[in-house]
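Participant: Dropping the sequence and predicted coords here.
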Amino acid sequence: MNWTRFALHYLEMVVAMLAGMFLLGLVTGGWDLGPEAGYLVMATNMSIGMAVVMLLRGHSWPRTLEMCAAMYVPAVVAFPLFWAGVIGEHGLMMVTHVIMFPLMLAVMLWRRQEYAHAH
């Protein structure tokens, strides 16, 4: 297995997510949606950026969608903590991102043959 290619692919997806968050955030950044919807919009912006790159690189729709799911799954943990008052708005963003990046890595390790070769 090519671990260098695997690591580069992870970094490529993170950059694509950040680009999606920044570029689409220019459109959605002025929306006052509250913390939960704000996170979901940001996760969508990140997913769009990542999906575009993954599809252009030849990944299938199922692999692309399961990677995009990693953007939303953290809400299952963080939203109830936020609603219960355990974490605040800043904590919501911290917890979701702390979960998101290792979760993406877990998906990649689960499908390591998909991500360890050039596309």
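Facilitator: In hand now; what should we look at?
Participant: who touches the residue nearest the centre of the chain in this structure?
Facilitator: Centroid-nearest residue in the chain: residue 71, 3.6 Å away (criterion: CA atoms, centre = their mean). Neighbour list for residue 71: 17, 43-44, 46-47, 50, 100 [criterion: CB atoms under 8 Å, 6 or more residues apart in numbering]. Every C-beta, even on glycine, is put in place using the N, C-alpha and C of the backbone.
Participant: do residue 100 as well
Facilitator: 70-71, 73-74.
Participant: again, 7 Å this time
Facilitator: Residues near residue 100 by CB atoms under 7 Å, 6 or more residues apart in numbering: 70-71, 74.
Participant: so which pair among the contacts of residue 71 is furthest apart in space?
Facilitator: Spatial extent of the contacts of residue 71 (CB to CB) is set by the pair 44 and 100 at 13.1 Å.
Participant: on that earlier part again, can you tell me which of the contacts of residue 71 end up in strands?
Facilitator: Within the contacts of residue 71, no residue falls in strands by DSSP state E.
Participant: Please indicate which of these are buried?
Facilitator: 17, 43-44, 46-47, 50, 100 (16 or more other CB atoms under 10 Å).
Participant: Mind checking which of those residues are in helices?
Facilitator: 17, 43-44, 46-47, 50, 100 (DSSP state H).
Participant: so can I have JSON lines of those residues showing distance to residue 86 and pLDDT?
Facilitator: Shown next, in JSON lines, are these (distance: CB to CB, whole Å; pLDDT from 0 to 100):
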{"residue": "17", "distance to residue 86": "26", "pLDDT": "95"}
{"residue": "43", "distance to residue 86": "20", "pLDDT": "96"}
{"residue": "44", "distance to residue 86": "25", "pLDDT": "96"}
{"residue": "46", "distance to residue 86": "24", "pLDDT": "96"}
{"residue": "47", "distance to residue 86": "26", "pLDDT": "97"}
{"residue": "50", "distance to residue 86": "29", "pLDDT": "96"}
{"residue": "100", "distance to residue 86": "19", "pLDDT": "95"}
